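Participant: following is a predicted model, sequence given first.
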Amino acid sequence: MINLVNKNYIDDVNAQANQVIEQINKEIETYEKDEINAFKASLEKEIEVYYDGELNDLKLQAQIKISQDKLESKRALLKLRADLADKLFAETEKRLVDFTQSSDYREYLKKKLQAKQISFKNGYFEVKEADVKLFSAILKELKLDNEVKSSDIKIGGFRFTSLVDHIQLNDTLDASLLEQESWFMDHSGFIL
């Protein structure tokens with residue numbers, strides 16, 4: 001009987017020990033699940049932050065590339081426009097030079113002189129080398145006896161200078177073309 005009581009006692013202790021072990025195993029399992037879930041949540045958050053950072057980097061790189069492409073396109077367009085403007089003004093200069101070789105050029109110079117509301121006494125005229133004879137003849141027709149000097153005028157027209165009357169008049173085709181080029185560049189939007 002003692003054996004039986006011992007056996008019952010041992011069985012009872014074993015049953016309680018098994019319950020405690022089972023309780024401990026459940027707590028360990030719950031703790032492990034909680035730790036794993038917390039680790040997963042932390043890992044998912046890190047991955048999300050990493051993906052957001054990578055996505056922002058990609059967006060930034062795309063923005064930079066788009067800006068660079070726009071700038072290159074704008075530069076190419078401005079170069080094309082500048083080349084076209086250069087071609088336009090070179091063609092205009094050629095036409096002006098051709099005009100100075102025509103019979104209309106003489107009449108143009110004469111009308112320019114007659115249109116000025118100033119006295120051409122006390123001064124001298126400057127024209128390009130090739131125009132000295134022509135311009136002297138026009139002055140003679142208009143009964144003006146001013147000195148005519150050759151100068152660095154490339155296309156045509158004339159300059160008048162009177163130191164006595166403090167007059168400087170630049171009516172050259174060179175100056176007019178340069179003025180038009182300057183106006184065009186200021187108003188064309190050809191700068192970045």
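Facilitator: Now that the structure is in, tell me what you want to look at.
Participant: and I153, what does it touch?
Facilitator: 126-128, 131, 159, 172, 174 (Cβ atoms under 8 Å, 6 or more residues apart in numbering). In short, each C-beta sits where N, CA and C put it, glycine included.
Participant: need these in TSV (columns: distance to A41 and neighbour count).
Facilitator: TSV is the format used below for those (distance: Cβ to Cβ, whole Å; neighbours: other Cβ atoms under 10 Å):
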residue	distance to A41	neighbour count
E126	90	21
V127	91	23
K128	88	20
D131	92	23
R159	87	19
T172	83	21
D174	80	18
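Participant: restricted to helices, list these.
Facilitator: D174 (DSSP state H).
Participant: what is the nearest of the contacts of I153 to D12?
Facilitator: D174 (122.9 Å; Cβ to Cβ).
Participant: what about the nearest residue to that closest one once chain neighbours are set aside, how many neighbours?
Facilitator: Sequence neighbours aside, I155 is the residue nearest to D174 in space, at 4.9 Å (criterion: Cβ to Cβ, 6 or more residues apart in numbering). I155 has 19 neighbours, counted by other Cβ atoms under 10 Å.
Participant: check contacts around I155.
Facilitator: 93, 96-97, 100, 128, 172-174, 177.
Participant: please parse the protein into its domains.
Facilitator: 1-100, 103-187 (automatic domain parsing).
Participant: and these, which one's lowest on average pLDDT?
Facilitator: For the domains of the chain, the bottom mean pLDDT is recorded on domain 1-100, which sits at a mean of 85.
Participant: run the chain-centre distance for it.
Facilitator: Here domain 1-100 is found 35 Å from its chain centre; the criterion is Cα atoms, centre = their mean, to the nearest Å.
Participant: could you tell me the end-to-end distance of stretch 136-145?
Facilitator: 8 Å (Cα to Cα, to the nearest Å).
Participant: now it: buried residues?
Facilitator: 136, 138-139 (16 or more other Cβ atoms under 10 Å).
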